[in-house]
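[1] Build me a structure from this.
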Amino acid sequence: MTAETSVPSTALLAGADRDGSNYTARHLLVLEGLEAVRKRPGMYIGSTDSRGLMHCLWEIIDNSVDEALGGYCDHIDVILHDDGSVEVRDNGRGIPVDVEPKTGLSGVEVVMTKLHAGGKFGGGSYAASGGLHGVGASVVNALSARLDVEVDRSGHTHAISFRRGVPGVFAADGPDAKFEAASLRKAKKVPKTRTGTRVRYWADRQIFLKDAKLSLEHLHQRARQTAFLVPGLTIVVRDEYGLGQDGSKGEESFRFDGGISEFCEYLATDKPVCDVLRFSGQGTFKETVPVLDDHGQMTPTEVTRELGVDVAMRWGTGYDTTLKSFVNIIATPKGGTHVAGYEQAVAKTLNEVLRAKKLLRVAEDDIVKDDALEGLTAVVTVRLAEPQFEGQTKEVLGTSAARRIVNTVISKELKAFLTSTKRDDAAQARVVMEKAVSAARTRIAARQHKDAQRRKTALESSSLPAKLADCRSDDVDRSELFIVEGDSALGTAKLARNSEFQALLPIRGKILNVQKSSVTDMLKNVECGAIIQVIGAGSGRTFDIDAARYGKIIMMTDADVDGSHIRTLLLTLFHRYMRPMVEAGRVFAAVPPLHRVEIVQPKKGQDKYVYTYSDRELRDKLMEFESKGIRYKDSVQRYKGLGEMDADQLAETTMDPRHRTLRRINLGDLESAEQVFDLLMGNDVAPRKEFISSSAATLDRSRIDA
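    Now for the predicted structure:
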């Protein structure tokens with residue numbers, strides 16, 4: 001029982017004078033039992049909107065899940081009835097129905113009507129549980145217009161109902177039926193082997209807002225998460241109310257025997273660089289807690305607690321970190337001491353092994369937490385009796401010993417993996433460590449290149465590469481950057497461009513193949529560094545497309561094999577380090593012509609020069625001329641490179657927006673594109689050699705520029 005004191009506003013207005021002489025004890029309001037919950041529901045469920053409504057459901061579900069954690073339950077049904085009520089069924093032991101000696105009430109009535117009462121205080125019923133404060137079921141009862149409880153136990157079904165916390169029986173279905181006070185009763189006989197609890201309640205609309213409603217999506221997410229955390233538990237969610245899309249009804253079942261290893265795979269969205277690692281262990285700690293003695297008094301006593309640690313983790317190719325943490329299957333979205341211990345252990349252990357294996361140079365600083373966690377997906381769970389939380393919502397774990405124990409367990413297990421001599425484990429550990437080192441070097445390089453990642457103003461333009469021929473316009477949507485192959489083509493392009501909105505950046509030869517180079521090598525490469533600096537939006541996970549200095553990036557290379565290779569190398573750079581530009585459709589390939597045909601004595605309105613872009617198009621065009629009797633010079637000009645065109649020809653065919661042809665680069669199939677880049681540009685030579693050998697017979701030899 002708890003009491004809350006408050007000052008009624010009417011008493012202050014009517015009875016109390018300015019000096020407070022009439023403010024006496026009669027103005028105090030004492031709230032008995034569940035009245036406190038109805039008076040201040042936000043203290044117990046956070047709010048009276050949809051979030052509070054969902055919190056009530058979690059409280060009832062978590063009681064059933066606690067039975068599953070103890071090994072007494074393997075099936076939970078959650079039913080959203082069409083009359084707006086919610087029912088939770090389990091096949092656990094059932095709430096005790098015998099009389100509790102101190103109150104003289106049945107166990108069901110104690111659990112449902114007394115705050116801070118339940119089986120999770122003394123340690124004799126649950127070794128670890130989600131409900132810890134003993135207010136969950138009683139709070140839901142207090143905030144329900146009607147709540148029905150049925151318990152199968154000792155060969156009988158025991159039943160009782162409550163109306164806004166008052167025990168009794170309803171004469172008919174629904175919260176508005178006739179009600180009279182009563183205590184727990186035996187409803188019918190059942191087999192002695194059948195046990196379980198069924199709780200059905202109607203939320204009180206006097207308490208909750210009119211627009212408060214349950215979210216089927218959130219319910220599915222929570223049920224799936226719980227099924228991952230308790231292997232072997234089946235949770236069935238049946239929607240009879242119609243909360244699905246377009247008011248549809250249905251049923252979803254969740255069961256995952258793989259536990260948090262399967263959960264980790266489910267959460268990960270990138271390609272793995274190592275298998276899912278499963279680390280577990282335990283430790284003990286002592287704490288002083290009040291314990292009920294034989295005389296019914298709370299006596300401070302030092303007790304020894306056991307804390308179990310279970311972690312699943314795996315690194316992937318991505319940059320983001322996904323970390324889910326739980327205490328006794330209760331999510332702790334804001335972390336706590338267990339998460340702090342885990343993150344500290346990962347960073348510390350990686351640094352120790354990197355130094356031992358000399359993967360970090362002596363002059364280099366230690367990697368930091370963000371480097372170690374880059375691309376990591378992890379599920380961190382701990383189980384212990386009576387953890388210390390911040391508030392009833394349990395978002396942060398405060399048990400200080402959890403940090404030390406989790407740190408010790410993870411440090412030992414992770415070090416064993418990183419130093420393993422097994423071939424597969426050693427190879428995966430090497431990739432993980434190299435990824436962490438690469439992340440650290442990228443972070444340092446990004447900091448050093450911070451100035452190069454900002455949009456340069458006119459006053460700062462001197463810091464841009466000297467070979468950049470910039471445009472005058474600062475309108476990003478209109479501006480274009482041409483990446484030109486070679487200085488010879490640059491000279492012609494300068495004369496051919498419209499300097500108002502077209503900028504030119506020449507590159508010398510073939511740039512670095514970034515698919516099989518480190519980030520540090522990429523940033524050190526003059527050509528790659530110049531491209532990133534000129535675009536001005538950064539690279540990798542720091543890339544900010546809104547900071548890009550140009551609306552279009554156009555690769556203008558020769559129409560030969562070397563030009564195609566250079567274009568592929570440039571695409572590799574954009575695909576790996578500036579992918580948002582490609583995804584936004586802002587990267588293009590220019591299409592210069594291959595041939596120029598000169599017409600002899602063209603008629604009025606007929607072009608003197610005709611350009612073609614492939615050998616087949618040339619053959620078709622010449623046949624068309626012959627059939628129409630159009631004369632042309634036999635010496636058809638074949639362009640070997642952009643430098644062979646004069647400025648007018650280049651502008652007319654390749655650079656003038658009114659006449660040119662551009663190919664937009666897109667990622668229609670990202671996974672397929674990544675596989676192709678790995679195959680053609682990656683480190684593994686054998687698959688590339690096999691691809692070339694197997695494809696040689698199907699090659700169209702006419703496409704080779706011989």
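
[2] the longest helix in the protein is where?
    Secondary structure of the chain read by DSSP state H shows that its longest helix is helix 423-448.

[3] how far is the next helix-or-strand element following that one from where the chain is centred?
    Per DSSP states H and E, the first helix or strand lying C-terminal to helix 423-448 is strand 480-485. From the chain centre to the centre of strand 480-485 is a distance of 37 Å (Cα atoms, centre = their mean, to the nearest Å).

[4] residues in contact with the residue in the chain sticking out farthest from the centre?
    Relative to the C-alpha centroid of the chain, counting by Cα atoms, centre = their mean, residue 601 is the outermost residue, at 67.2 Å. Shown in contact with residue 601 (Cβ atoms under 8 Å, 6 or more residues apart in numbering): residue 631. Any C-beta I mention is one placed from the backbone N, CA and C, and that applies to glycine too.

[5] Which of the three states applies to it?
    coil (DSSP: H, G, I helix; E, B strand; the rest coil).

[6] quick one: it and residue 629, what's the gap?
    12 Å (Cβ to Cβ, to the nearest Å).

[7] now residue 299
    114 Å.

[8] Could you pick out the longest strand of this structure?
    Ranked by residue count, the top strand of the chain under DSSP state E comes out as strand 298-315.

[9] what's the average pLDDT for it?
    Per-residue pLDDT values over strand 298-315 give a mean of 90.

[10] List phi and psi for residue 640.
    phi -90, psi -20 (degrees, to the nearest 10).

[11] surely it meets residue 558?
    Yes. Using Cβ atoms under 8 Å, residue 640 is in contact with residue 558, at 7.1 Å.

[12] Where does pLDDT dip in the stretch 101-250 of the chain?
    116-135 (pLDDT under 70).

[13] Next: the stretch 251-400 of the chain.
    292-296, 390-394.

[14] circling back to that earlier point, neighbour count for residue 640 and residue 558, which is higher?
    residue 558 (21 against 12; other Cβ atoms under 10 Å).

[15] got a pLDDT number for the nearest residue to residue 556 once chain neighbours are set aside?
    Nearest residue to residue 556, sequence neighbours excluded (Cβ to Cβ, 6 or more residues apart in numbering): residue 590, at 4.1 Å. If you check residue 590, the pLDDT there is 91.

[16] need the contact list for residue 590.
    Contacts of residue 590 by Cβ under 8 Å, 6+ apart are 482, 554-557, 654-655, 660, 662.

[17] mind running it again at 7 Å?
    554-556, 654, 662 (Cβ atoms under 7 Å, 6 or more residues apart in numbering).

[18] any idea how far residue 582 is from it?
    16 Å.

[19] What of residue 91?
    Distance from residue 91 to residue 582, by Cβ to Cβ: 54 Å.

[20] circling back: could I get the phi/psi values of the residue farthest from the centre of the chain?
    According to degrees, to the nearest 10, residue 601 has phi 50, psi 70.

[21] again, but for residue 474
    Residue torsions, per degrees, to the nearest 10, at residue 474 are phi -110, psi 20.

[22] gap between it and residue 82?
    61 Å.

[23] In this protein, which residue is most central in space?
    residue 322 (5.6 Å).

[24] show me what contacts that residue?
    Contacts of residue 322 by Cβ under 7 Å, 6+ apart are 267, 377.

[25] ok, it to residue 313 distance?
    Counting by Cβ to Cβ, the gap from residue 322 to residue 313 is 10 Å.

[26] what sits in contact with each of those two?
    residue 377.

[27] For residue 150, which residues are in contact?
    Contacts of residue 150 by Cβ under 7 Å, 6+ apart are 157, 159, 198.

[28] nearest spatial neighbour of it, skipping sequence neighbours?
    Nearest one to residue 150, counting by Cβ to Cβ, 6+ apart, is residue 198 at 4.4 Å.

[29] Helices along the stretch 1-150 of the chain, start to end?
    Assigned helices in the stretch 1-150 of the chain, in chain order: 9-14, 35-39, 42-45, 50-69, 107-113, 136-142 (criterion: DSSP state H, counting those that start in this stretch).

[30] So residue 52 is in contact with residue 44, correct?
    No. Contact criterion Cβ atoms under 7 Å: residue 52 and residue 44 do not qualify, at 8.9 Å.
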